[in-house]
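A.B. asks: Provided below are the primary sequence and the corresponding predicted coordinates.
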Amino acid sequence: MSDRYSQSSGWNTPERGSSRHQHYGKYHQNASRRPAVMLAVMGVTGVGKTSFVNVAMGQDRVWDNSLESSTTGIQRSEPIPYYDFPDGREVVLLDTPGFDNADIPDIEVLARLVEYLKDLSREDNYLAGIIYLHRITDVRMTHSAAANIQLLGALCGEHFLPKVTLVTSMWDSIRPDLGADRERELANGYWSDFLENGAVYERYDGTPDAARRIIARYLGDGGSSVVRPSIAQQVIDEERLLQDSDAGRLALETLREKVKHSEQRLREARELQMYDQIAQHQAELQHNSAKLAEYMSGWGNNATSSSYSPQVSQASGTPDSPWTWSQEYGNYYRINKHGNYIWAPSGSG
């Protein structure tokens with residue numbers, strides 16, 4: 001097994017009501033309040049992100065192992081009880097929409113993540129790390145799974161990779177020797193760049209101890225080391241459009257490929273007169289084409305909101321003033337600091 005495989009032993013949880021538990025409670029009450037450790041749980045749709053969060057939280061819930069994700073947005077867990085952790089800090093897990101989702105394009109997943117990172121900044125908090133789940137039962141790395149790993153690297157940036165834990169799951173569904181072989185293939189192949197730049201990989205067997213051992217590695221620095229992922233630096237700090245960020249460009253290219261595939265499937269269905277599939281592929285094409293047009297035009301930067309204002313490129317030098325809808329011209333406009341009217345890109349609505 002690779003020496004990169006983290007074998008941190010975790011911690012001993014004090015029993016409720018015990019003297020040690022009471023000591024932890026007194027420590028927590030007297031200690032200065034520190035922000036919770038915010039960890040995003042990510043991965044492809046159906047990999048078991050919500051199940052991981054539930055197990056880490058100690059919630060006894062039956063989870064549907066179907067490939068259809070039940071997560072439509074970023075869900076924030078309740079803080080995991082402080083007495084479970086050695087330094088008294090609380091931990092909050094963020095259950096994110098899955099990559100490669102049929103209903104939510106990857107670029108929209110990124111948009112929702114960016115909006116959440118903005119919310120964390122307003123709370124004087126930050127993303128402490130990413131737990132990325134991968135099924136060890138997957139026989140091979142599919143094209144979409146490989147693209148998602150590339151997307152993960154782009155949204156993190158090399159400097160944030162030490163904050164990433166690559167987690168293999170479903171070990172109870174595979175022979176240990178076969179699983180170990182696949183683990184080595186991942187470590188020496190698709191994951192090698194991550195591991196060479198400080199990421200670690202862990203095994204998750206579905207137990208609370210394993211989940212909390214994975215989380216424990218983020219508690220060592222006591223929050224003294226604040227590192228932000230590239231997507232936060234580029235979109236929030238540098239005020240780039242999402243599609244102009246490293247991760248956004250990759251996600252946009254994936255969306256273009258989906259549009260091409262939708263067009264191809266629709267053509268084939270029409271040629272074969274498969275009428276039951278024509279409507280399905282037509283709806284898929286319209287959905288993906290609309291999303292592509294939205295982000296290509298510079299409008300898709302706040303996809304989590306039901307009502308949002310368009311943005312223009314920061315290269316125009318216009319200030320961040322509110323946009324106003326012009327009924328006469330059927331478009332949004334705003335007035336810049338020089339008193340000039342700035343119109344949103346045509347065709348963006």
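C.D. replies: Yep, that arrived. Numbering: from 1, shown residues only.

A.B. asks: looking at this, Gly129 is in a strand?
C.D. replies: Yes - counting by DSSP: H, G, I helix; E, B strand; the rest coil, Gly129 is located in a strand.

A.B. asks: doesn't Val167 make contact with it?
C.D. replies: No - checked against Cβ atoms under 8 Å, the pair Gly129 and Val167 is beyond contact range at 11.6 Å. For the C-beta atoms, the positions are set from N, CA and C on the backbone; glycine is no exception.

A.B. asks: so which of the two has more stuff around it?
C.D. replies: Of the pair Gly129 and Val167, Val167 is the one with more neighbours under other Cβ atoms under 10 Å, namely 24 against 21.

A.B. asks: next secondary structure after the helix or strand that one falls within?
C.D. replies: Here Val167 is covered by strand 164-169, with elements defined by DSSP states H and E. Next along the chain after strand 164-169, taking DSSP H and E as the criterion, comes helix 176-188.

A.B. asks: what packs against that next one?
C.D. replies: strand 164-169, strand 200-203 (3 or more Cβ pairs under 8 Å, 6 or more residues apart in numbering; DSSP states H and E).

A.B. asks: pull out the buried positions in the shortest one.
C.D. replies: Within strand 200-203, the residues that qualify as buried by neighbour count (16 or more other Cβ atoms under 10 Å) are Val200, Tyr201, Glu202, Arg203.

A.B. asks: what about the helices in the protein?
C.D. replies: Remark: helices assigned in the chain by DSSP state H are 19-30, 49-57, 106-122, 143-156, 176-188, 192-196, 208-216, 230-232, 246-271, 275-296.

A.B. asks: mind putting those in CSV, mean pLDDT and distance to Val41 included?
C.D. replies: Formatted as CSV, the helices of the chain follow (pLDDT from 0 to 100; distance: least, Cβ to Cβ, whole Å):
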stretch, mean pLDDT, distance to Val41
helix 19-30, 37, 25
helix 49-57, 89, 5
helix 106-122, 91, 12
helix 143-156, 89, 12
helix 176-188, 94, 18
helix 192-196, 96, 17
helix 208-216, 91, 10
helix 230-232, 96, 17
helix 246-271, 89, 18
helix 275-296, 82, 24
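
A.B. asks: nearest to Ile136 among those helices would be which one?
C.D. replies: helix 176-188 (4.9 Å; Cβ to Cβ).

A.B. asks: quick one, that closest one and helix 143-156 angle?
C.D. replies: Helix 176-188 and helix 143-156 are oriented at 50 degrees to each other (axes from the mean of the first three to the mean of the last three Cα atoms, to 10 degrees).

A.B. asks: list the buried ones in helix 176-188?
C.D. replies: Gly179, Arg182, Glu183, Leu186, Ala187.

A.B. asks: can you pull the contacts of the first one?
C.D. replies: Each residue near Gly179 by Cβ atoms under 8 Å, 6 or more residues apart in numbering is listed here: Ile136, Thr168, Trp171.

A.B. asks: so what sits opposite the second one in the bridge?
C.D. replies: The reference is to Thr168. Assessed by DSSP bridges, Thr168 has beta-bridge partners His134, Arg203.

A.B. asks: surely it and Arg135 touch.
C.D. replies: Yes - with contacts counted by Cβ under 8 Å, Thr168 reaches Arg135, the gap being 7.5 Å.

A.B. asks: ok, the two, which is more surrounded?
C.D. replies: Thr168 (22 against 19).

A.B. asks: what sits against the more buried one?
C.D. replies: Leu133, His134, Arg135, Ile136, Gly179, Arg182, Glu183, Leu186, Tyr201, Glu202, Arg203, Tyr204.

A.B. asks: on that earlier part again, Gly98: which of the helices of the chain is closest?
C.D. replies: Using Cβ to Cβ, these put helix 49-57 closest to Gly98, at 6.9 Å.

A.B. asks: and the gap between Ala283 and Ser262?
C.D. replies: Applying Cβ to Cβ, to the nearest Å, the value for Ala283 to Ser262 is 9 Å.

A.B. asks: what's the answer for Glu253, then?
C.D. replies: Counting by Cβ to Cβ - Glu253 and Ser262 are separated by 15 Å.
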